[in-house]
Structure formats: C-alpha cells, structure tokens
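**Q** coords please:
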Amino acid sequence: MKLKELAVGYIEIPLMTPFKTALRTVNSVNDLIVKVTAEDGTEGYGEAPPTAVITGDTKESIEAAIRYYIAPAILGMDLEDLPGIMAKMEKSLAKNTSAKAAVDIALYDLYAKLQNKPLFRLLGEQDAKPVKTELETDLTISVNETEEMVKGVQKKIIEVNHPDSLYFERAVFYLKPGVTQLPQEISRADADALLREAAPDKAEKRFWLRTVLLVLLSCLGTAAVCLLLL
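**A** Residues are numbered from 1 along each chain as shown. I've put the predicted structure just below:
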C-alpha cells in the first residue's frame, strides 16, 4: 500500500480567556493539521502548533516545509516501510521539527489503521493490561494577578516569604479543591516542615553550604585581625 496524498489544513479555536505566559499571550488555539491518505482511501491525521517563540516554527514555515520538501520526498512510498519513509523525511530538509512531527504522527496513525490494530501494539506492547488508560498531568495557570489566577481553576494559593529559612526564601503552595489540611495563613514553621519533607537533600546541602560560608568568613575575619595586630 502506497502513500497517495498528503494534505495540510489549519484550525483556529478562540479561547474564552487569553492564556498568558512570560513569553507570549495566546488568544486562540492554533493548530496545523496534516492528513495523509493511502491508496485505498484510509486516512491518518497529525498536528503541530506553530509556536515561533518556543520552537522557531511558524504557520507558514511548517506548511512550506511539508508542501515543498517533505511531501515530494515521501509521496508514493510504500507504507509498509515506515523506517524508510521517516529516513527520507528526515533527509528532505534540516531542522523543521514541528513539520516533521506532524507528518510523523499522521503516518503512524495511518499505519495503525491499515494494520487494524491499536498503535501501542504496533509499537511493541503485546499485553493491554500494563497500558495506561489515564494520565495524571499538571495545570499551567495563566499569568495574571493572584486573584484572577485563582478564578476558574478553583485552587487556593498560599504564599510564604521566609528569607532566613534553610529550605526556601519564597514558597507558593497550590491547593487542590477540597483540601483543608492547610490553613489559608500557613506559618513559616509549617512551610519549613513541608519543604524539608519534600526536598530533604536540597535543604541539607543548603544548610552545609551556609555553614561552610560562615566558617570561611570567620576565618577571613580572624586573619584580618591578625594582620592588623602585626
């Protein structure tokens, strides 16, 4: 079965609230979509977000890389030879990782459909039991004033400043909805204990570093006094 067609599209979905980070403000979700089609009409899909400030790839550069370099290099190739297709794509142009990733995802999606098997089985997992069906991940909060950041995520944010602590100078705790173990006003001692438990090695290293610095400063002070007496 050969690769018959490779098409590129673009979607833009407005966000209800702008998403802000230190690098940019995002007002909509923008994705470049790749569709690959086999001779029998089976289709596979992939995508890549144009994030110029992070990857250096723009909507126009991703589309151009696919249309004018990747597609001409791999169209007509046998889909049973995925390693060969990937090698040909990699050699078609340098860098342009977003464009290559979008086509890579689409090709694997198409290949799995042609084999009529879940992709994880084709990638080597024979037993379905150890395969994860759920994934715990984090939540990135848009940069705003603290009160605004808390809205919509239903999280409490507790900030503790403690420049004299061995474990931290400024700590921010994000509490899950429903968590009541920590009070709104957490004490420095409570924060010390929590961070000591979370990162004991780092805390101990910082303690010894401060101790060594104090000893060195004491020695330098003693040496200076001796020189003055001489």
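**Q** only C-alpha atoms from now on, for both contacts and neighbour counts.
**A** Fine.
**Q** now do the helices in this protein.
**A** Secondary structure of the chain, counting by DSSP state H: helices at 52-55, 59-65, 71-74, 82-92, 97-115, 119-122, 146-150, 188-198, 200-229.
**Q** which other residues reach the second one?
**A** Under the criterion C-alpha atoms under 8 Å, 6 or more residues apart in numbering, residues Val8, Leu32, Pro49, Pro50, Leu93, Asn96, Ser98, Ala99 lie in contact with helix 59-65.
**Q** most neighbours, which of the residues you listed?
**A** Ala99 (28 neighbours; other C-alpha atoms under 10 Å).
**Q** ok, now how distant is that residue from Glu47?
**A** Taking C-alpha to C-alpha, to the nearest Å as the measure, Ala99 falls 8 Å from Glu47.
**Q** kindly report the same for Thr55.
**A** Distance from Thr55 to Glu47, by C-alpha to C-alpha: 15 Å.
**Q** more neighbours, those two?
**A** Glu47 (22 against 12).
**Q** who is that one paired with across the strands?
**A** Under DSSP bridges, the beta-bridge partners of Glu47 are Ile33.
**Q** returning to that earlier point: distance to Val143 and pLDDT added to the contacts of helix 59-65, as JSON lines?
**A** Shown next, in JSON lines, are these (distance: C-alpha to C-alpha, whole Å; pLDDT from 0 to 100):
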{"residue": "Val8", "distance to Val143": "33", "pLDDT": "97"}
{"residue": "Leu32", "distance to Val143": "26", "pLDDT": "96"}
{"residue": "Pro49", "distance to Val143": "21", "pLDDT": "94"}
{"residue": "Pro50", "distance to Val143": "21", "pLDDT": "94"}
{"residue": "Leu93", "distance to Val143": "37", "pLDDT": "97"}
{"residue": "Asn96", "distance to Val143": "29", "pLDDT": "96"}
{"residue": "Ser98", "distance to Val143": "26", "pLDDT": "96"}
{"residue": "Ala99", "distance to Val143": "29", "pLDDT": "97"}
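**Q** which among those gets closest to Ser142?
**A** Pro49 (18.3 Å; C-alpha to C-alpha).
**Q** tell me the contacts of the residue nearest to that closest one when sequence neighbours are not counted?
**A** In space, and not counting its chain neighbours, Pro49 is closest to Asp31: 4.5 Å by C-alpha to C-alpha, 6 or more residues apart in numbering. Contacts of Asp31 were listed using C-alpha under 8 Å, 6+ apart, and they are Tyr10, Ile11, Glu12, Glu47, Ala48, Pro49, Pro50.
**Q** wait, doesn't Val34 sit right on Ala102?
**A** Yes: look at Val34 against Ala102 with C-alpha atoms under 8 Å: they come within range, at 6.3 Å.
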